[in-house]
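Novice: Please find the sequence and the predicted model below.
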Amino acid sequence: MDPNIRIGFFKKGAYIGLVIKVIFYMVLVFFLWRIQGNSLIFDYALESSTVKGIILQFQMIVSILLVLNHDKWGFRIALFLNSISLMYSIGYIFYNGTYESFPGIISYVCVIFIVSLIYTQFKKNEKYVAEISQQNHKLENSKEMINQMTCYDLLTQLPNRSYFEFLLSHEVTVSKRTDKTFCIIFMDIDSFKHVNDSLGHEYADEILLELVSRLKNSLRNNDVIARFGSDEFAIMITNLKSVECIEAIIDKIKIALSEPYLIENHEFFITVSMGISVFPLDGEFPNQLIENAELAMFTAKTNGKNTFAFYSNSIKNEVTYNMLLTNQLYRAIDKNELMIYYQPQVNTKTKEIIGFEALLRWHNHEFGWISPNDFIPIAEKTGLIISIGLWVFRTVCEQCQICKKSSAPSMRISINMSIEQLKEKSIIDDIKKIVIETQSDPQSIQIEVTESVAFIENDLILTRLNALKILGFSIAIDDFGTGHSSLSRLKQFPIDLIKIDMEFVQGIHLNSGKDRAIVESIIQIAKNLNIPVLAEGVETEEQYLFLKNQNCDEVQGYYFYKPMPPEEIFKLL
Ligand code: C2E
Ligand code: CA
Ligand code: CA
């Protein structure tokens, strides 16, 4: 029942109390009468001051409790009515000059005293409980504050050094178990003392807060940023895929922090030096990783600030090599360092050359021959693949025209194309232009795209490939078998050739027979779908004979021909 309704009920307690009192008496009388069956006892019971006294005192207890607990008029009246008998007894003493009702009065007073005592004690306890819970609440708040002060930096609210070490040791455990790698970036603001001295602490703090917000925006949510000291920060980047990823993250941080900081309408620029240590290469323990990242940061400082350095030499060398390679690649076309090699593709049955795959080669004056496996990813990352890819296309078309003019038989030429090229808005127009300018025949040109690119669930790529088909080019699916594509896509897609990845071809001789089974299945699927199939990377007679037996249409590999410069191809033809 709703307590308010209950209180409302007792508000009318004065009246209801009276009614209950009457009913109670009637029930009591009836009860005594039934038990005794004797009107004398019944009369006696009615007259009995003991029973009356008990009932009155019980009523008094209830009335007092009700008034104390719910201070309502109805209860006060009920208490007043109950007190009348007390007053009556007192009046009786004075009026009759007899002490007959004195014990009754004493017991009344005792009841009032005891009830009040119990109530006061109860109220006191309630107060204590409230005080204790208030203290508890305060304690919780202070605990949280202490936790905040011991684990986080007060200004930036970032984890402090000790909390970062705790998180780091957890990451070490997880990465050991999952065989993953992560890195620590130790960052120090260059000449922060100067910023502090010239702007004052307040503005320097503002710059720090802005820097932290930019850092947060340029990193993922699960990367941890910590503040170690006034201008020292540590960043933990988890789930790293490759060293190149670190470079990309560093670039992102540098770009984000290099924007000017606006203080009182004045622009300020700050730079940072960063040191990187990688788990587990540069240490397997939290402190070791932090120390090594810090050491690397000092190297970055001595290298002239506003830069970064890796602790480990191997990583440093790899990153430096890639950086230098990237710089060189930008000038490769202008310096005439790129060239095309051609690898013949042969008919499996007749061993006749039926086409060539154009393969890009780079000979740098400083680094010598560089494998496409090394520089194509760099070209893709930097966007250089667009201009390099068009250069390849134009050069192949031009060389084919020269070949044609020397009355060599016209053959299919395959050109590799990467996803970055296909994503380029102007790719179709650019290729169309090259075809027109070099007077090439798209029918004799095959575009090779890897399986993962061709079957990507992306409408744009599909549209571009269809546009190439419409222009007259044929499409080959490169590295087939590695892309885990759904076979139903093969049916929907306009494919002119399937190229079995050399990984499977080179496993043909293995005892397990798994690669043989894969090669067999791919050939079977291609046959069923009426698509010609070529096996790449054929190096031995055994591989060749197996493929021949399986009715593979075409083969390509060192067993027949290696990729060759155009002059040798001319001779060959
Ligand atoms: P890919 O398209 O799978 O090219 C086949 C690779 O296998 C070539 O490596 C070729 O030289 C090599 N190869 C051919 N036969 C054999 C053999 O019997 N044994 C072995 N071990 N290797 C063989 P390359 O020229 O180093 O090219 C590597 C990759 O670079 C190519 O793989 C292709 O993905 C990419 N690439 C090459 N040229 C271009 C290009 O012009 N544009 C684009 N986007 N990518 C290119
Ligand atoms: Ca290829
Ligand atoms: Ca391939």
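Specialist: Looks like it came in fine. Ligands and ions are numbered 1, 2, ... in the order given.
Novice: Which of the three states applies to whichever residue of the stretch 201-350 of the chain sits closest to ligand 3?
Specialist: In the stretch 201-350 of the chain, the residue that lies nearest ligand 3 is residue 343 (10.6 Å; Cβ to the ion). Every residue, glycine included, has its C-beta placed from N, CA and C. Secondary structure, DSSP: H, G, I helix; E, B strand; the rest coil: residue 343 is strand.
Novice: List the contacts of the closest residue to it other than its chain neighbours.
Specialist: Using Cβ to Cβ, 6 or more residues apart in numbering and skipping the chain neighbours, the partner closest in space to residue 343 is residue 563 (4.0 Å). Shown in contact with residue 563 (Cβ atoms under 8 Å, 6 or more residues apart in numbering): 341-343, 357, 359, 361.
Novice: between those, which has the most around it?
Specialist: residue 342 (26 neighbours; other Cβ atoms under 10 Å).
Novice: pretty sure it is touching residue 569, no?
Specialist: Yes. Residue 342 is within contact range of residue 569, at 4.9 Å (criterion: Cβ atoms under 8 Å).
Novice: Return every residue with contacts to both of those two.
Specialist: Residues touching both residue 342 and residue 569 (Cβ under 8 Å, 6+ apart) are residue 356.
Novice: List of residues touching the biggest strand by length in the chain?
Specialist: For the chain, the longest strand by residue count, based on DSSP state E, is strand 353-364. By Cβ under 8 Å, 6+ apart, the residues outside strand 353-364 that reach it are 325, 328-329, 332, 337-347, 369-370, 372, 375-376, 388, 392, 396, 411-416, 446, 448, 554, 556, 561, 563, 569, 572-573.
Novice: now with 6 Å?
Specialist: 328, 332, 337-347, 369-370, 372, 375, 392, 396, 411-415, 563 (Cβ atoms under 6 Å, 6 or more residues apart in numbering).
Novice: On the strand side of things, show who the residue in the stretch 201-350 of the chain that ligand 1 sits nearest to bridges to.
Specialist: Closest residue of the stretch 201-350 of the chain to ligand 1, Cβ to the nearest ligand atom: residue 343 (5.6 Å). On the basis of DSSP bridges, residue 343 takes part in beta bridges with residue 357.
Novice: gap between it and ligand 2?
Specialist: 9 Å (Cβ to the ion, to the nearest Å).
Novice: got the residues of the stretch 351-500 of the chain near ligand 3?
Specialist: 478-479 (Cβ under 5 Å from the ion).
Novice: Flag the shaky bits of the stretch 351-500 of the chain, pLDDT-wise.
Specialist: 407-408, 457, 484-486 (pLDDT under 70).
Novice: Around ligand 2, pick out the residues from it.
Specialist: Taking Cβ under 5 Å from the ion as the criterion, the stretch 351-500 of the chain approaches ligand 2 at residues 416, 448, 478.
Novice: Quick one: distance of whichever helix or strand residue 62 is part of to the chain centre.
Specialist: Per DSSP states H and E: residue 62 is located in helix 49-69. How far helix 49-69 lies from its chain's middle: 69 Å, per Cα atoms, centre = their mean, to the nearest Å.
Novice: how about that helix as CSV, C-alpha atoms only?
Specialist: C-alpha atoms of helix 49-69 as CSV (Å, rounded to 0.1, in the frame of the first residue of the first chain):
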residue,chain,number,x,y,z
SER,A,49,-9.2,-2.2,35.5
THR,A,50,-6.2,-4.4,34.5
VAL,A,51,-7.7,-5.3,31.1
LYS,A,52,-8.8,-1.7,30.7
GLY,A,53,-5.4,-0.4,31.7
ILE,A,54,-3.6,-2.7,29.3
ILE,A,55,-5.8,-1.6,26.4
LEU,A,56,-5.5,2.1,27.3
GLN,A,57,-1.7,1.8,27.5
PHE,A,58,-1.5,0.0,24.3
GLN,A,59,-3.6,2.7,22.7
MET,A,60,-1.3,5.3,24.2
ILE,A,61,1.8,3.6,22.7
VAL,A,62,0.3,3.6,19.3
SER,A,63,-0.9,7.2,19.5
ILE,A,64,2.5,8.4,20.7
LEU,A,65,4.3,6.5,17.9
LEU,A,66,1.9,7.8,15.3
VAL,A,67,2.4,11.4,16.4
LEU,A,68,6.2,11.0,16.6
ASN,A,69,6.4,9.4,13.2
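Novice: Output the contacting helices and strands for it.
Specialist: In terms of contacts (3 or more Cβ pairs under 6 Å, 6 or more residues apart in numbering; DSSP states H and E), helix 49-69 is packed against helix 73-96, helix 102-151.
Novice: immediately after the last one, which helix or strand?
Specialist: Yep, that's helix 102-151 we're talking about. helix 161-178.
Novice: Now do that next one: which elements does it pack against?
Specialist: With 3+ Cβ pairs under 6 Å, 6+ apart as the test, helix 161-178 has helix 286-302 packed against it.
Novice: List the buried residues in the helix it packs on.
Specialist: Neighbour-count burial for helix 286-302, with 16 or more other Cβ atoms under 10 Å as criterion, is recorded at 286, 289-297, 299-301.
Novice: you'd agree residue 378 is up against residue 326?
Specialist: Yes. Counting by Cβ atoms under 6 Å, residue 378 does reach residue 326; the two are 5.4 Å apart.
Novice: Relative to ligand 2, how far out is the closest residue to residue 382 other than its chain neighbours?
Specialist: Leaving out its chain neighbours, the residue that sits closest to residue 382 by Cβ to Cβ, 6+ apart is residue 326, at 6.0 Å. According to Cβ to the ion, residue 326 and ligand 2 sit 23 Å apart.
Novice: Find me the pLDDT at residue 326, would you?
Specialist: On pLDDT, residue 326 comes in at 90.
Novice: Quick check: which element contains it?
Specialist: helix 313-332.
Novice: does any part of that helix sit near ligand 1?
Specialist: No. For a cut-off given as Cβ under 6 Å from any ligand atom, helix 313-332 has no contacts with ligand 1; the smallest distance is 12.6 Å.
Novice: Mind listing residues that contact that helix?
Specialist: Outside helix 313-332, the residues touching it (Cβ under 6 Å, 6+ apart) are 243, 247, 310, 338, 362, 364, 375, 378, 384.
Novice: what about residue 388, which SS state?
Specialist: helix.
Novice: Per-residue pLDDT of the residue nearest to residue 343, please?
Specialist: On the pLDDT scale, residue 563 gets 98.
Novice: again with residue 95
Specialist: 82.
Novice: May I ask which helix or strand of this protein has the lowest mean pLDDT?
Specialist: helix 3-11 (a mean of 42; mean pLDDT, DSSP states H and E).
Novice: quick revisit: for the buried residues of helix 286-302, which one is nearest ligand 2?
Specialist: Using Cβ to the ion, these come closest to ligand 2 at residue 296, 39.5 Å.
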